[in-house]
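Colleague: Generate coordinates for the sequence data below:
(chains A, B, C and D)
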Number of protein chains: 2
Amino acid sequence: MAFTESYLPYLLARASHEVSSTFHASLKGWDLSVPEWRVLACLSDIDGLGVGQLAAMALMKQPSMTKVLDRMEADGLVRRRSTREDRRRVLIHLTPKGRARVRPVLAAARAHQDSLLAPLGGEERALILRALRLLIGEDEGGAPEA
Amino acid sequence: MAFTESYLPYLLARASHEVSSTFHASLKGWDLSVPEWRVLACLSDIDGLGVGQLAAMALMKQPSMTKVLDRMEADGLVRRRSTREDRRRVLIHLTPKGRARVRPVLAAARAHQDSLLAPLGGEERALILRALRLLIGEDEGGAPEA
DNA sequence: GGGCTTTCCATCCCTTTTCATATATCTTGA
DNA sequence: TCAAGATATATGAAAAGGGATGGAAAGCCC
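Modeller: Numbering: from 1, shown residues only, chains lettered A, B, ... in the order given. Coordinates of the predicted model:
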């Protein structure tokens, strides 16, 4: 078999690209870039994350994230707040505007996921999610530290 | 459960990123960028691909690929050849230098894949590959007929 | 407490990517 | 054959991304 058809990292990259491309294209309709969408989604999970944490979660480097946040803060989507406990850290929070902006996108994302999983059986869905968690390393297979 | 922990496209992107990051870092040792490595790997599968085809396989846009190929051609890794049948097309071929350059990287990539799969059981490996094939669209074309 | 190291974010600068578009070639249909 | 449309690649300006670095703050250890 050809290398590119069986090489796991390439298959993963390809799967990720195909699964996300249509949704990423539709982000323009909400006037959001992919990093902006990721930041808003992360913050709607956990409001108040550091720049480095957000960069890691959005799969980017920290300097890139700083610039993304500059734009988003200028647009009024997020707000930087320093903390008393550690004055190096800058925690990023959603503004009401950011929260309102992300709400319909989250709904669309869930719908997109449903449409992806619709043609699959319930077992297959569970298998896919487990496989990905295995690769990511957040393996929660039941037995801790086997 | 938090959105980012169960959203399939994000899990895929994260898995892809984690799986490839160490190998991508090691590419610097061979003086190759990620797109360059992808081009060489694709061409070692099929020598003689168009610019647009290569861009799609390397998950980039066509203008980006044109510039990647400019650099690689200047480095003597690939060669552009026009075809008689369709003079718009430019087929990209590996040079001997390109072929020699990619050989050890292909071997390292296979080793990397092995190390990724080593800690997993045979059942889990099969699960992951099956999940990825499902997502990439073995279901999208159906029977591969003319 | 004073230095040394580490961590966290911002800034600078260069490379790469991308969007929009241009140019060349092929295809189609009257 | 010729004009329109479609397809393949190239180009140029603008934006994004990332490495290197700087400054500030915290942790550490004697």
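
Colleague: any idea how far the spatially most central residue of chain A is from chain B?
Modeller: Central residue of chain A (Cα atoms, centre = their mean): A:R38, 4.3 Å from the mean position. Distance of A:R38 to chain B, computed by Cβ to the nearest Cβ, to the nearest Å: 8 Å. Where C-beta positions appear, they are placed from N, C-alpha and C, glycine not excepted.

Colleague: same deal with A:Y10?
Modeller: 8 Å.

Colleague: Would you double-check that that residue falls in a helix?
Modeller: Yes. Counting by DSSP: H, G, I helix; E, B strand; the rest coil, A:Y10 is found in a helix.

Colleague: Kindly state the pLDDT recorded for the closest residue in space to it that isn't next to it in sequence?
Modeller: With sequence-adjacent residues excluded and distances taken as Cβ to Cβ, 6 or more residues apart in numbering or on different chains, A:Y10 is closest to A:T4, at 5.5 Å. Note on A:T4: pLDDT of 90.

Colleague: that's a helix at A:T4, yeah?
Modeller: Yes. Assessed by three-state DSSP, A:T4 belongs to a helix.

Colleague: quick one: it and B:C42 touch, right?
Modeller: Yes. At 5.9 Å, A:T4 counts as touching B:C42 under the criterion of Cβ atoms under 8 Å.

Colleague: Mutual contacts of those two, please.
Modeller: B:M57 (Cβ atoms under 8 Å, 6 or more residues apart in numbering or on different chains).

Colleague: Name the SS class of A:I92, please.
Modeller: strand.

Colleague: scratch that, A:D86 is what I was asking about
Modeller: coil.

Colleague: Who are the contact partners of the residue nearest to the centre of chain A?
Modeller: A:R38 neighbours (Cβ under 8 Å, 6+ apart): A:57-59, B:10.

Colleague: next one: A:E36
Modeller: A:68, A:71-72, A:77.

Colleague: Could you rerun that using 7 Å?
Modeller: A:E36 is in contact with A:68, A:72, counting by Cβ atoms under 7 Å, 6 or more residues apart in numbering or on different chains.

Colleague: Is it located within a helix, as I assumed?
Modeller: Yes. Secondary structure of A:E36 (three-state DSSP): part of a helix.

Colleague: distance of it from chain B?
Modeller: 14 Å.

Colleague: How about the residues of chain A by DNA strand D?
Modeller: A:33-35, A:60-61, A:63-64, A:67-68, A:71, A:85-88 (Cβ under 7 Å from any atom of the strand).

Colleague: nearest to DNA strand C, of the residues you listed?
Modeller: For these, the closest approach to DNA strand C (Cβ to the nearest atom of the strand) belongs to A:P63, at 3.2 Å.

Colleague: Tell me the predicted confidence for that closest one.
Modeller: On pLDDT, A:P63 comes in at 98.

Colleague: where's it, which helix or strand?
Modeller: Following DSSP states H and E, the helix or strand that holds A:P63 is helix A:62-74.

Colleague: do that helix and chain B meet at all?
Modeller: No. Using Cβ under 7 Å from any Cβ of the partner chain, we find that helix A:62-74 stays clear of chain B, coming within 13.8 Å at best.

Colleague: Using PDB, list the CA coordinates for that helix.
Modeller: Presented in PDB, the C-alpha positions along helix A:62-74 are these (Å, rounded to 0.1, in the frame of the first residue of the first chain):
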ATOM      1  CA  GLN A  62       1.800  31.900  22.400                       C
ATOM      2  CA  PRO A  63       2.900  34.900  20.300                       C
ATOM      3  CA  SER A  64       0.300  34.100  17.800                       C
ATOM      4  CA  MET A  65      -2.300  33.900  20.500                       C
ATOM      5  CA  THR A  66      -1.300  37.200  22.000                       C
ATOM      6  CA  LYS A  67      -2.000  38.800  18.600                       C
ATOM      7  CA  VAL A  68      -5.300  37.000  18.200                       C
ATOM      8  CA  LEU A  69      -6.400  38.200  21.600                       C
ATOM      9  CA  ASP A  70      -5.300  41.800  20.700                       C
ATOM     10  CA  ARG A  71      -7.700  41.700  17.800                       C
ATOM     11  CA  MET A  72     -10.500  40.100  19.800                       C
ATOM     12  CA  GLU A  73     -10.100  42.500  22.700                       C
ATOM     13  CA  ALA A  74     -10.300  45.400  20.200                       C
END
